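In: What shape does this take:
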Amino acid sequence: MSYLRDLMQTHARTGRLDWIGLRPARREDMSEVGDAMVSEGGLNGDHGRPGKRAVTLIQAEHLPVIAALCDGEVTPAALRRNLLVSGVNLAALRGRNIRIGDARLTLTGPCAPCSRMEETLGTGGYSAVRHHGGWCASVEEPGRIALGDDVVPL
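Out: A predicted model of the protein is given here:
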C-alpha cells in the first residue's frame, strides 16, 4: 500500500497561475488583475466567503471540456472562479496544501456550479460545468500572488 501512497504524492511538475479574477460584489462582473493579496478571508477586493471557500481555483485544461459540452463562451470569468491554473491536477491535491507565490492554500473540495451557469453558458451550462467546475480552498498562510507564479504541491 505504501507504493500507492507514494504515487499519489508525486506530480510530474509544478503548475502555473495563468489568471486572477476578483468579484467586487455578488453578480457583478469579474475584474482581471495581474496580482492580488491573499488574506485569511480570501483575495483582497473579492466578494468571497471566508473559510473553506475563501479562494476558488479552476484548471485551464478543463475550459475546453466545458466548452465542448455547452454553447456558451467559457472563460474563467464566466465561471466566476478566482484563479486559473495549468499544469497540475487539482483533483489529485484535495486536502493538501499548495503554495502560490507567497500564499499557502489548502484545497478543501470541489466547487460546484450554481444555477447561474444556465444564464452564462446557455441551456445545459450547469451540467457542462459539473465535475469540471474547479476547487475551493482555505487560506493557511496569507501572501501576495501574481500571474506566472508556480503552483507548488506541498
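In: This structure: helices as residue ranges?
Out: In order along the chain, the chain carries the following helices (DSSP state H): 2-8, 63-68, 76-79, 116-121, 125-129.
In: Can you find the helix or strand in this structure with the smallest mean pLDDT?
Out: Every helix and strand of the chain was ranked by mean pLDDT, DSSP states H and E. The lowest is helix 2-8, at a mean of 71.
In: Arg94 - how many residues pack around it?
Out: By the other C-beta atoms under 10 Å criterion, the neighbourhood of Arg94 contains 12 residues. No exception for glycine: its C-beta is placed from N, CA and C like everyone else's.
In: about what we covered before: and of the helices of the chain, who's closest to Val33?
Out: helix 76-79 (11.5 Å; C-beta to C-beta).
In: average model confidence for that closest one?
Out: Per-residue pLDDT values across helix 76-79 average out to 92.
In: Can you name every helix or strand that that helix contacts?
Out: If you count contacts as 3 or more C-beta pairs under 8 Å, 6 or more residues apart in numbering; DSSP states H and E, helix 76-79 packs onto strand 15-22, helix 116-121.
In: Which elements pack onto the longest one?
Out: What that stands for is strand 15-22. Counting contacts by 3+ C-beta pairs under 8 Å, 6+ apart, strand 15-22 is packed against strand 31-33, strand 35-39, helix 76-79, strand 83-86, strand 143-146, strand 150-153.
In: Good, wrapping up.
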